[in-house]
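[1] Mind folding the following:
(one chain, ligands or ions: 1)
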Amino acid sequence: MTDRQALHHAVSRGWRHMGTTLVHLARDLPPAAEGTLVNPASTRGSTVLFPTVADMNRNGTRRYDHELIYGAMGTPIQHQLESAIAALEGARHTQVVSSGLAACSTPLLAFLGKNGHCLIPDSVYGPTRRFANTVLRRFGVETTYYPPMIDADGLRAAMRPNTQVVFAESPGSHTFEVQDIRMIADIAHEHGARMMLDNTWGIGVFQPFDHGVDISIQALTKYPAGHSDSIIGAVSVADEQDWQALRDTSIQLGQVAGPDDCWLTLRGLRTMGARLERQSRAAIDIALWLSDRPEVARVLHPALPSCPGHEIWRRDYTGASALFGVVFQPEYDAAAMTAMIDSLALFGIGASWGGYESLVLPTTGGITRSCPPGEECGPQTGPACRLHIGLENPEDLIADLSAGLEVLAGGAVYGA
Ligand SMILES: *Cc1c(COP(=O)(O)O)cnc(C)c1O
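    Residues are numbered from 1 along each chain as shown. From the prediction side, this is the model:
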C-alpha cells in the first residue's frame, strides 16, 4: 500500500463498514398485507386520540418509552430517527431536539444545577460558549474553559468540588484539536461529574460510549441530514438514570423536532456511508495537496501529523469526516485570504457543513478563545480558513483552490 492508499483507508474504513448498517437501521416498519413502502410516511400531528380516558392516562405515564402521547413529545418518525441514532452511537436512548445547539444546551440544563461548575474546552463551538456565558451564568453556573490538549494532571487541577459536567468537543471547532476522551471521562467520573461530548465531527467513526462518554451530542444538521436543508440535533445516553433526567428536561423545555426534519434526516442517513466514504477521501487528497503548497503553513486535519492530537485520532477513530482547517503563512494578511476566498467558484461561503456541497469559511478573527494573554491559543498562527469538501470531483476542487492560491499570492490579474 502506498502512503496515500493507507491514508485513504484510514479516513474512510469506518464509513465503508457502516454503509450496510445505515441502509438497514430502524427499518422495522409494520408489515402491510398489500406490501410495504421502503420508507416510512412522515405523519404530522399534535393531538393524539385515545379510545378511553383510562388509555389516555396510561399512555401519559410512558414518557420515557418513546410512546405516542402528544406531538410535543415526539411523533412516530421522530421515534424512528431516535432509534436509528441510538443504534449508530451504541446508546441506550436518544432524544431528538430542534437543533444541534439545542443538543448542547438541553443536556447542560439537565445535568447542571444552581452553584454548579462546568468545564468546557476552549475550542468549543462558539454558540455553546455563548450559551454558557449567558444562560448558565445567569442561573449561577460557573464555567472554566480548559485547553483542549490538557493533560490528566491539568484536568484534575481544574476540577472543583462542585464540578457537575465536563464537556468535550473533538476535534475542536475551527482549530481541530483531537481530545483524549477516555482520559477526560475517567477524571470526570473520579470526581462524580457527567462527561458530555459534542460528537458532531465523529459521528459513526468515533464510538462515544466505548470511550466512557455519558452523554453524546450531535448536530444532525450536518452529515446525517446531509443536504443543507434541515436544522436538527440529537442527544444520546448510555444510562437509564441519565435518560430520565435528559428526557424530563427535554419535555420541560418543549424540545422536539418537526416531522419533516426527522424524515429528511432519516433519509439522509441512508446514504451517509457512501457520501462520507467519498468525501473523506477527497478531503484527505485536498488536505495533502494543500500541505505541499508553499502558501500553506499548516493543515489542521486530524489524519495528518500537523494536526494537534493526531496520535489520539489514530488511536481512537475509525475514519474522518470532510471538514478541516488550513492555516496560511503569516506573510499573507487577512485581506489576501479574503480575496482568495471570494475568488473561489466551487466553494460556497457560509456557516455549517456536512452537506453535499463544498464550503469555505474564514476562521481568523471569527473565533473566541479564553486562554491567558501571551499564550498561544491554538494552532492558528496566520490567516486561516475552514474547508468542507463536498461531492464534487476532487480534481475540479483542486483546480479551483489552485487558482485561489494565485489570488492569495497576489498573482491574479484582474480585468485582464
Ligand atoms: C453545527 C454545530 C452545532 C450546532 O448545530 P445547529 O444544528 O446548526 O444548531 C453544534 N456543534 C457543532 C460541533 C457543530 O458543528
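
[2] For the helix or strand hosting Phe167, name the packing helices and strands.
    Per DSSP states H and E: Phe167 is located in strand 163-169. Judged by 3 or more Cβ pairs under 8 Å, 6 or more residues apart in numbering; DSSP states H and E, strand 163-169 is in contact with helix 100-111, strand 117-121, helix 181-190, strand 194-198. (C-beta placed from N, C-alpha, C; glycine too.)

[3] swap the cut-off to 10 Å and go again
    Counting contacts by 3 or more Cβ pairs under 10 Å, 6 or more residues apart in numbering; DSSP states H and E, strand 163-169 packs against helix 100-111, strand 117-121, strand 142-146, helix 181-190, strand 194-198, strand 215-219.

[4] pLDDT below threshold where in the chain?
    For the chain, applying pLDDT under 70 flags the ranges 29-33, 372-377, 411-416.

[5] Adjacent strands (with direction) for the strand holding Phe167?
    Here strand 163-169 has these sheet partners by DSSP bridges: strand 117-121 (parallel), strand 194-198 (parallel).

[6] neighbours around His191, how many?
    16 (other Cβ atoms under 10 Å).

[7] what sits against the nearest residue to Leu276 once chain neighbours are set aside?
    Spatial nearest neighbour of Leu276, excluding adjacent residues (Cβ to Cβ, 6 or more residues apart in numbering): Trp15 at 4.1 Å. Residues in contact with Trp15 (Cβ atoms under 10 Å, 6 or more residues apart in numbering) are 22, 204-205, 223, 272-281, 318-321.

[8] swap in Val326?
    286-287, 290-291, 293, 295-301, 337, 360, 363, 382-387, 401.

[9] Now do stretch 59-69: distance from first to last residue.
    End-to-end distance for stretch 59-69: 6 Å, by Cα to Cα, to the nearest Å.

[10] so when I look at Ala41, I'm seeing a strand, right?
    No. According to DSSP: H, G, I helix; E, B strand; the rest coil, Ala41 belongs to no strand; its state is coil.

[11] For the residue nearest to it when sequence neighbours are not counted, which residues are in contact?
    Among residues not flanking Ala41 along the chain, Ile77 sits closest, at 7.8 Å (Cβ to Cβ, 6+ apart). Counting by Cβ under 10 Å, 6+ apart, Ile77 makes contact with 39-44, 96, 257-266.

[12] likewise Val178?
    So Val178 contacts 148-149, 170-172, 201-202, 206, 302-303, 307-317 (Cβ under 10 Å, 6+ apart).

[13] let's see it at 6 Å
    Val178 makes contact with Ser170, Pro171, Pro302, Gly309, Ile312, Trp313, according to Cβ atoms under 6 Å, 6 or more residues apart in numbering.

[14] Tabulate these in a markdown table, adding columns for secondary structure.
    Shown next, in a markdown table, are the contacts of Val178 (three-state DSSP):
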| residue | secondary structure |
| --- | --- |
| Ser170 | coil |
| Pro171 | coil |
| Pro302 | coil |
| Gly309 | coil |
| Ile312 | helix |
| Trp313 | helix |
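
[15] so, if you compare these, which one comes nearest to Asp248?
    Ser170 (27.8 Å; Cβ to Cβ).

[16] surely that closest one meets Glu177?
    No. Counting by Cβ atoms under 6 Å, Ser170 sits too far from Glu177 to count as a contact (7.6 Å).

[17] Now do the buried residues in the top helix by length along the chain.
    Longest helix in the chain by number of residues (criterion: DSSP state H): helix 259-291. By 16 or more other Cβ atoms under 10 Å, the buried positions in helix 259-291 come out as 259, 261-291.

[18] right, and the helices and strands packed on strand 163-169 - which one's nearest the ligand?
    The ligand lies closest to helix 100-111 among the helices and strands packed on strand 163-169, at 2.0 Å (Cβ to the nearest ligand atom).
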